[in-house]
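Undergrad: coordinates for the following, if possible.
(one chain, ligands or ions: 1)
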Amino acid sequence: MNQLEVLRESLGQCDEIILDALLMRNRIVEDIMVYKEANNVPILQPEQEAKQKEWLERRMQEKRHKNEVADVFESITRNSKKIQARKLFNYNIVLIGFMGAGKSTISDYLKTVFAMDIIEMDQIIAERAGMSISDIFETYGEQYFRDCETNLLIEMQSRTNVVISCGGGTPMRECNVVEMKKNGRVVLLTAKPETILDRVKDSHDRPLIENNKTVPFIADLMSKRREKYEAAADIIIETDGKSELEICEELIHSLRQMDAKAE
Ligand code: S3P
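TA: Have a look, this model is predicted:
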């Protein structure tokens, strides 16, 4: 063997070690999830990720290839999150609820903790149309926007293990709810009209309330929609006064309970 062949053989041995370690690590990640569920320990423990980052930072101080190693560990962390998400849910999580109920905030949080892909319906529709939601309403009318929502939901049924953050009006059409349920569990987020007003008061891309940002108007539209929201929902989560972490923990717990009953 010449020196190059020797070096390549050593590299191959390193890869074997990395591979074995990764497979073992992935199994441990799944075992941790099983333990947490069996022992009623919170599933989400964001402080753990911070600890791992600190550990790596400490270990890599003054070392060469610090950034390259950090990049590999980032990828390991991201994939561990995906493994956890798939172990918990083998379906899509569809978030519905009134404007300002927290759909986008909670989908972002789920993306952070589980590295799940997010389908932000309003954003995709606006991007595809090349204009804001308000401009779509003004230029093509509400029906056109509603058809875009239905088509997008149908398109998204080919995806799994994603979070679909719907527009506030999406569950009003029965055919949309049928689509949501084909491949997903529907989570209704709720909040008091006062909370909603507080959350939407500074935004200007919600044509249905743009000139009516008041508690009575919001309460009225909400009560007109309540029945359809509740009929569509597999689980309901009140969001007033709760942190994102608390809401997500409740969401995971309720979905898992529902799954356990269905088994
Ligand atoms: C709407 C809610 C909006 C957006 C559009 C119509 C509705 O989405 O889809 O302005 O009918 O409630 P958000 O709930 O994300 O604000």
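Undergrad: what is the subsequent helix or strand relative to the longest strand along the chain?
TA: When the chain is parsed with DSSP state E, its longest strand is strand 184-190. Using DSSP states H and E, the helix or strand that follows strand 184-190 in sequence is helix 193-200.
Undergrad: which parts of the stretch 51-200 of the chain sit against the ligand?
TA: Residues of the stretch 51-200 of the chain found near the ligand (Cβ under 6 Å from any ligand atom) are Met99, Lys103, Asp122, Ile133, Gly167, Gly168, Gly169. For every residue, glycine as well, the C-beta is placed using N, CA and C.
Undergrad: from the chain's centroid, how far away is the longest strand of the chain?
TA: 12 Å (Cα atoms, centre = their mean, to the nearest Å).
Undergrad: that one pairs with which strands, parallel or anti?
TA: strand 92-96 (parallel), strand 235-238 (parallel) (DSSP bridges).
Undergrad: pick the most deeply packed of those strands.
TA: strand 92-96 (a mean of 28; mean count of other Cβ atoms under 10 Å).
Undergrad: show me what the helix or strand that comes right after it packs onto, helices and strands only.
TA: As assigned by DSSP H and E, the chain's next helix or strand after strand 92-96 is helix 103-114. Helix 103-114 makes packing contacts with helix 66-88, strand 92-96, strand 117-120, strand 162-165, helix 244-262 when contacts are defined by 3 or more Cβ pairs under 8 Å, 6 or more residues apart in numbering; DSSP states H and E.
Undergrad: quick one: pLDDT of Ala70?
TA: Looking at Ala70, its pLDDT is 96.
Undergrad: and what of Ala101?
TA: Taking Ala101 on its own, its pLDDT is 98.
Undergrad: how many neighbours does it have?
TA: By other Cβ atoms under 10 Å, 25 other residues sit near Ala101.
Undergrad: now it: closest residue in space, sequence neighbours ignored.
TA: Using Cβ to Cβ, 6 or more residues apart in numbering and skipping residues adjacent in sequence, the residue nearest Ala101 is Leu189, 4.2 Å away.
Undergrad: let's see if you can find the most crowded of the residues of the stretch 51-200 of the chain next to the ligand.
TA: Counting by other Cβ under 10 Å, Lys103 has the largest number of neighbours within these, with 28 neighbours.
Undergrad: Thr150: how many residues sit nearby?
TA: Thr150: 14 neighbours (other Cβ under 10 Å).
Undergrad: and for Pro46?
TA: Pro46 has 13 nearby residues by other Cβ under 10 Å.
Undergrad: which residues touch Asp259?
TA: Phe89 (Cβ atoms under 8 Å, 6 or more residues apart in numbering).
Undergrad: pLDDT wise, what is it at?
TA: pLDDT at Asp259 comes out at 93.
Undergrad: quick one: it and the ligand, what's the gap?
TA: 27 Å (Cβ to the nearest ligand atom, to the nearest Å).
Undergrad: and what of Ala70?
TA: 35 Å.
Undergrad: can you pull the phi/psi pair for the residue nearest to that residue when sequence neighbours are not counted?
TA: Closest residue in space to Ala70, ignoring its immediate chain neighbours: Leu56 at 6.7 Å, by Cβ to Cβ, 6+ apart. Main-chain dihedrals, Leu56, degrees, to the nearest 10: phi -60, psi -40.
Undergrad: and Leu56, how far from Ala21?
TA: Look at Leu56 and Ala21: by Cβ to Cβ, to the nearest Å, they are 15 Å apart.
Undergrad: more neighbours, the two?
TA: Applying other Cβ under 10 Å to Leu56 and Ala21 shows that Leu56 carries more neighbours, namely 17 against 11.
Undergrad: quick one: the residue nearest to Ala101 and Gly100 touch, right?
TA: No - counting by Cβ atoms under 8 Å, Leu189 stays clear of Gly100, with 9.6 Å between them.
Undergrad: if we can go back for a sec, what score does the residue nearest to Ala70 have for pLDDT?
TA: pLDDT, Leu56: 97.
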